[in-house]
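Peer 1: Turn this into a structure:
(one chain, ligands or ions: 1)
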Amino acid sequence: MFGIKSLFSKEDPVEKQIIELLSGYRSAIFPMGIQSEWIKQTNKESDCWQVRIELPFAARSQTALIQSYLAEHLKVTTNIVLDTQLPEAYKFKKIKHIILVASGKGGVGKSTTAVNFALALQSQGANVGLLDADIYGPSIPSLLGLVGEQPTAKDDKMLNPMEKYGLKSMSIGYLVPAENATVWRGPMASQALNQLLNETDWGDLDYLIVDMPPGTGDIQLTMTQKLPASGAVIVTTPQDLALADAQKGIAMFSQVNLPIIGLVENMSFFNCTHCGEKNHLFGQDGGNQLAARHGVPLLAEIPLDVNIREESERGANFIENASPITEHYTYCAQLVSSMLFLQSHENQGVKIVVTDD
Ligand SMILES: Nc1ncnc2c1ncn2[C@@H]1O[C@H](COP(=O)(O)OP(=O)(O)OP(=O)(O)O)[C@@H](O)[C@H]1O
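Peer 2: Numbering: from 1, shown residues only. You can find the predicted model right below:
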């Protein structure tokens, strides 16, 4: 059941039970359980079993859930440590996955989502970079509180990415005044994106998140074709117009055979500060229905939070400092990371069978 190693090793019965229980653990993040080869260490210290698991995706916040699952089934206490080690499969240079964050129309919160999603992936144990491909309206410098700062040159060919909160980023906004880029034609914008991607010394990255320009025109299509991406996350709001544009985004990525990882519905609802009631100001269930219609997951429903606009402009970190949107992005990051791992496994011909046990 656990490979040849378990047939010959002298496993303690408790150790064996821990491995068996973990293998039977199921959730949206672990649809195939916790596989025995991910368990790197099990040893007993005093009365507590220390279990170190190396996940092939980023899901550090699952620790408490796994620990309480084991506590329900075991008579001994366990201390779980979840590390992250993505498989050594590179999509581009030393980057393992490129994920596009796109939207059918402007102003739905795509850049806010790209930054928080990147920070959330990082909080879950991944090495992350953020590329601002919104050449005409770069907002990453402002969202990271880096306006006016400039990247340094590594040599005469490469730039060092900017770093804030441990997140590497590159944007045209660090290099030219905003008004200069707005007059560029499509090929120039596409060329600029190419340079930002190729001439930045990203180093080793698990994920490079790309904040795409809003819309579904030629520029977005050309950029998508040039980026060796693993998939796209589409951001929408619950309004009919935004949903119709998100649908165009799905059609555009399908046209170039880029997998849609899922939808994020931003400004999904508003929690009343007085009575705590959930208000669906812009409509209800639109994101859910669009996702179901296209057979893609709805990754997150992010609430409208009045502090976001003000604090974003100051470059606040909503993932480090808990806010109403933190857990939504954290969960979304874990889900996407787990899905991409499964997707690449399936592409390698390994069939994962999800059972009910
Ligand atoms: N969940 C939210 N709650 C409240 N305000 C939000 C939320 N998400 C984003 N915003 C605000 O909405 C505005 C637009 O967000 P953002 O710049 O991320 O959108 P965008 O889709 O990237 O726009 P564009 O494509 O035009 O650059 C910003 O002022 C941002 O602070």
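Peer 1: Hmm, residue 228 and residue 194 touching each other?
Peer 2: No: between residue 194 and residue 228 there is no contact under Cβ atoms under 8 Å: 12.0 Å. (Each C-beta comes from the backbone N, C-alpha and C, glycine too.)
Peer 1: Which pLDDT value belongs to residue 332?
Peer 2: Per-residue pLDDT puts residue 332 at 97.
Peer 1: no no, residue 155
Peer 2: On the pLDDT scale, residue 155 gets 90.
Peer 1: Share the number of residues neighbouring it, please.
Peer 2: Residue 155 has 8 neighbours, counted by other Cβ atoms under 10 Å.
Peer 1: Residue 78 too?
Peer 2: Residue 78: 20 surrounding residues under other Cβ under 10 Å.
Peer 1: so how far is the ligand from it?
Peer 2: Residue 78 sits 37 Å away from the ligand, going by Cβ to the nearest ligand atom, to the nearest Å.
Peer 1: residues in contact with that residue?
Peer 2: 18, 48, 49, 50, 51, 67, 70, 71 (Cβ atoms under 8 Å, 6 or more residues apart in numbering).
Peer 1: In ChimeraX, how would I select the buried members of those?
Peer 2: Buried subset of the contacts of residue 78, written as a ChimeraX selection, criterion 16 or more other Cβ atoms under 10 Å:
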select :18,49,51,67,70
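Peer 1: Need the max-distance pair from the contacts of residue 78.
Peer 2: 50 and 71 (14.7 Å; Cβ to Cβ).
Peer 1: which intervals of the protein have sub-threshold pLDDT?
Peer 2: 1-10, 178-186, 346-357 (pLDDT under 70).
Peer 1: is any part of the longest helix along it close to the ligand?
Peer 2: Secondary structure of the chain per DSSP state H: the longest helix is helix 326-347. No: counting by Cβ under 6 Å from any ligand atom, the ligand has no neighbours in helix 326-347; the shortest distance is 9.0 Å.
Peer 1: helices or strands up against that helix?
Peer 2: Secondary-structure packing of helix 326-347 (3 or more Cβ pairs under 8 Å, 6 or more residues apart in numbering; DSSP states H and E): strand 95-103, helix 110-123, strand 231-236, strand 260-265, strand 298-301.
Peer 1: Out of those, flag the one nearest residue 177.
Peer 2: helix 110-123 (18.5 Å).
Peer 1: one step back: can you give me the buried ones in the longest helix of the chain?
Peer 2: Neighbour-count burial for helix 326-347 [16+ other Cβ under 10 Å]: 326, 328-342, 344.
Peer 1: Quick check: residues of the stretch 1-150 of the chain near the ligand?
Peer 2: Applying Cβ under 6 Å from any ligand atom, we find that the stretch 1-150 of the chain lies next to the ligand at 103, 106, 107, 108, 109, 110, 111, 112, 134, 137, 139.
Peer 1: Out of those, who's the most crowded?
Peer 2: Within those, most neighbours by other Cβ under 10 Å means residue 103, with 30 neighbours.
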